[in-house]
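[1] Predicted model and sequence below, questions to follow.
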Amino acid sequence: MHKLLKIALKLLIAFAIAGLFWILFVYLQLVNYEDPEQVYLMGTPIAYAFVFFFLCVVILFIFSFIKNRDCPAKLKRHFFLFSFFYLISGILVILSFDNYLLVTPRGMGYSYFFQIEDMQFHRWQDIDHVELDYKPEQLTLMTEKLRLQYHIHFKDGTRYNLNGYNSPLFDADQFKAIHRTLLRENVPVTIKRPLPENIQTDSFIYEMFHLHLE
C-alpha cells in the first residue's frame, strides 16, 4: 500500500510539473505567432495532448535518473531509452508548436500538423466560397450523430476543413463567430446537401446550416 502511494504521489508531481511546462508551451506559442491584429490563435487538441504526454514522460525519466543515480547499469539503459524517445518525439513537439489556426480582421491562416513550411495567410477576399456538408458518425449501436464538414475553398485551390478531427476550434461559439465573420465579408456559402428532415432545429449543425439565412 505504501509503495502504491509513493507511485501515485510521483505521478501526481510529474503531472503537476508537466502542467506548468504545458502552460508555458501554450504561452510561447501565442507570443511567437502573435499578430498585431490577432483575433484568435489556437493550437489543436492532438498537438496539445501530445506535448503534455511528452512532458510527462520526460519528467518521469528524470525521476528515474535520480532514483538510479547509484546504479550505472540501470541508469545507462534508461538513458538510451530516453534518448530514443526524445529524438523521435522531439520532432513531433516542433510540429505541435507549428500547428495552429490564426484569425485576424484581414484574413486567416491554418498551419497543419505535418506542415513544416511557413503558414500561408489568406485574406478574406482570397476565399472563393465556403461549403457546408456533414457525415454520419456512429456513437453507439443505436445512436448516430451528424458531424459538420466546414470546407473553406480559396481561389488558389487551397482548402481547409475547419472541423476535422484535429480541429483548432473547440466549441460552437468559435465556429459561429468565424462563420459570421465570413458572412460579413460577403463570402458565398454553399450547401452540398440538405440536412435530414428529422434534424433538431436547436442543434449546432442546424444553426450552422442556417446562419447565412438570418
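    Here it is on my side, so go on. The shown structure was predicted, so the numbers you read here are calculated from the model rather than taken from an experiment.
[2] what's the pLDDT at the residue nearest to S89 when sequence neighbours are not counted?
    Excluding the flanking residues, the one nearest S89 by Cβ to Cβ, 6 or more residues apart in numbering is F54, at 5.2 Å. All C-beta atoms are positioned from the backbone trio N, CA, C, and that covers glycine. F54 carries a pLDDT score of 95 in this model.
[3] Just give me the longest helix of this structure.
    helix 2-32 (DSSP state H).
[4] What is that one packed up against?
    strand 40-43, helix 45-67, helix 72-97 (3 or more Cβ pairs under 8 Å, 6 or more residues apart in numbering; DSSP states H and E).
[5] what mean pLDDT does that helix have?
    Computed over helix 2-32, the average pLDDT equals 86.
[6] quick check: angle from it to helix 45-67?
    Interaxial angle, helix 2-32 versus helix 45-67 (axes from the mean of the first three to the mean of the last three Cα atoms, to 10 degrees): 130 degrees.
[7] in helix 2-32, what's buried?
    Neighbour-count burial for helix 2-32 flags 14-15, 17-18, 22, 25, 29 (criterion: 16 or more other Cβ atoms under 10 Å).
[8] Might you report the residue contacts of L92?
    Shown in contact with L92 (Cβ atoms under 8 Å, 6 or more residues apart in numbering): 50, 54.
[9] how about 10 Å then?
    Going by Cβ atoms under 10 Å, 6 or more residues apart in numbering, L92 touches 46-47, 50-51, 53-54, 99, 113-114.
[10] Tell me the one of the residues you listed nearest K145?
    K145 lies nearest to I46 out of the contacts of L92, by Cβ to Cβ, at 20.4 Å.
[11] how deep is the closest one tucked in, by neighbour count?
    Number of residues near I46 (other Cβ atoms under 10 Å) recorded here: 15.
[12] Find the nearest non-adjacent residue to it, please.
    Distances taken as Cβ to Cβ, 6+ apart place N166 nearest to I46, at 4.6 Å, with adjacent residues excluded.
[13] Would you mind measuring from that neighbour to Y150?
    14 Å (Cβ to Cβ, to the nearest Å).
[14] And Y48, by the same measure?
    Y48 is 21 Å from Y150, where distance means Cβ to Cβ.
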